[in-house]
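**Student:** Please find the sequence and the predicted model below.
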Amino acid sequence: MLLKVDVTKRFPGFVSQVRFATNTIRSGLFGPSGSGKSTLMHMIAGLLKPDTGRITLHDRVLFDSDQSVNFAPEDRRIGLVFQHAHLFPHMNVEKNLHYGYRRTKSGRNDLNPQQICHNLQLDELLKRNVTSLSGGERQRVALGRTLLSNPSLVLMDEPLSGLDDQLRYQIIPYLQRVTSEYSIPLLYISHNVDEMRMMAEDVFMMGDNGSIIAQIEPDELARGSKETQQRGYLNMIHLTEPSVSGMLVTYQWGASELILVNRGQPSSGLFGLSSRDILVFKAFPEAGSPRNILSFTVGEIRQTEWMVQVELLINSHRLIAEIVPQSLDELGLVSGMTVYGAIKASAFRKLY
């Protein structure tokens, strides 16, 4: 088992009692503020000693209250990336990156600093003072410094929560790339469902009582979250091969095509489409302004607190549309029937 945790920590008025095990490269820890996510991270990293319990990483015992085992943080080989980069202000980017690398014990520093810099696109920043960097650049440097310490596990505690959406989506591809390329296990801690969908293979949900209440797939977490109920489900669509025609761009979406507004310099990437920007028709709409009208097969139909989520299937792809319960009744939607989805060209936004 990659990471196995069974610990208890008591505070005045609050008890953190956590038990979980994961064997995936990228796991997520999701929960509201105050649920104990950061407390758990500190216990795994050795920054906070549990009262009782046991923590193992790659079958190596890091903490065991019964056996009086409690490795110091520097001996656990666990890297930390926080919301704030915590870079050394008196060092430039290059010296920050090499700090952890030079402190790694001989025989363990098998990662190539030049390759890490290339993957994180830090080559042009090496001589810069860290105080002159943007928030996104600082987080990339913090990630690089952590990776170069050659950790057995990386803990990321809300690493993107201080960034706006544009910067957040710029950083996520770097996180995905380096954790996959170097097979470094990751525990990603956040309360953002979209980050969980992009960063985690499975998600452990923490309740207000400081314990794990469920293990769930990231997409299921998103579909049932309060955030989704308030703003709609975000469909994430990989589009390729853009072809420009004036103010419009045609992208390949598997065997289908989607037409988007040309916002300048079109390129392949991941695009977002709200479930509430998809209009569902029982018959082909003869006239209308949407540039995209596609034939779908209805999959699962799921009632949420206020809306109805309708799964729309086309080839090997899936979209989620949301309609009001009255529309479900009027359209007579059932799984397996053919419907048409209409989407405006302006409804898409590029994530990265």
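**Tutor:** Okay, I see it. If you're wondering where the values come from, they're calculated on a predicted model, not measured in any experiment.

**Student:** Need the residues that contact stretch 95-104.
**Tutor:** Defining contact as Cβ atoms under 8 Å, 6 or more residues apart in numbering, one finds that stretch 95-104 is touched by 79, 87-88, 91, 109, 111, 113, 116-117, 122, 126, 130, 141, 144-146, 148-150. Using the backbone N, CA and C atoms, a C-beta is placed for each residue, glycine as well.

**Student:** Among those residues, which are located in strands?
**Tutor:** Gly79 (DSSP state E).

**Student:** so where do the helices sit in the stretch 201-350 of the chain?
**Tutor:** 218-224, 226-231, 325-331 (DSSP state H, counting those that start in this stretch).

**Student:** Mean pLDDT and distance to Ala347 added to these, as JSON lines?
**Tutor:** Below are the helices of the stretch 201-350 of the chain laid out as JSON lines (pLDDT from 0 to 100; distance: least, Cβ to Cβ, whole Å):
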{"stretch": "helix 218-224", "mean pLDDT": "93", "distance to Ala347": "19"}
{"stretch": "helix 226-231", "mean pLDDT": "83", "distance to Ala347": "14"}
{"stretch": "helix 325-331", "mean pLDDT": "96", "distance to Ala347": "18"}
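
**Student:** Ok, which of these comes nearest His317?
**Tutor:** helix 218-224 (13.7 Å; Cβ to Cβ).

**Student:** and the protein, what are its domains?
**Tutor:** The chain breaks down by automatic domain parsing into domains covering 3-224, 234-350.

**Student:** Could you export the ones you listed to a markdown table, including columns for mean neighbour count?
**Tutor:** Shown next, in a markdown table, are the domains of the chain (neighbours: other Cβ atoms under 10 Å):
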| stretch | mean neighbour count |
| --- | --- |
| domain 3-224 | 18 |
| domain 234-350 | 15 |
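
**Student:** Could you tell me the least trusted of those domains?
**Tutor:** Ranked by mean pLDDT, the domains of the chain end with domain 3-224 in last place, scoring a mean of 90.

**Student:** Can you get me the start-to-end distance on that domain?
**Tutor:** Using Cα to Cα, to the nearest Å, the span of domain 3-224 from its first residue to its last is 27 Å.

**Student:** where does that domain sit relative to the chain's centre, distance-wise?
**Tutor:** Relative to the chain's own centre, domain 3-224 is displaced by 12 Å; criterion: Cα atoms, centre = their mean, to the nearest Å.

**Student:** Give me the phi and psi angles of Ser149.
**Tutor:** The phi and psi values for Ser149, taken as degrees, to the nearest 10, are phi -80, psi 0.

**Student:** contacting residues for it?
**Tutor:** Contacts of Ser149 by Cβ under 8 Å, 6+ apart are 77, 79, 100-101, 103-104.

**Student:** Can you report phi and psi for the nearest residue to it once chain neighbours are set aside?
**Tutor:** Among residues not flanking Ser149 along the chain, Gly100 sits closest, at 3.3 Å (Cβ to Cβ, 6 or more residues apart in numbering). Dihedral pair for Gly100: phi -70, psi -40, per degrees, to the nearest 10.

**Student:** returning to that earlier point: quick one: closest of the helices of the stretch 201-350 of the chain to Thr240.
**Tutor:** helix 218-224 (21.7 Å).
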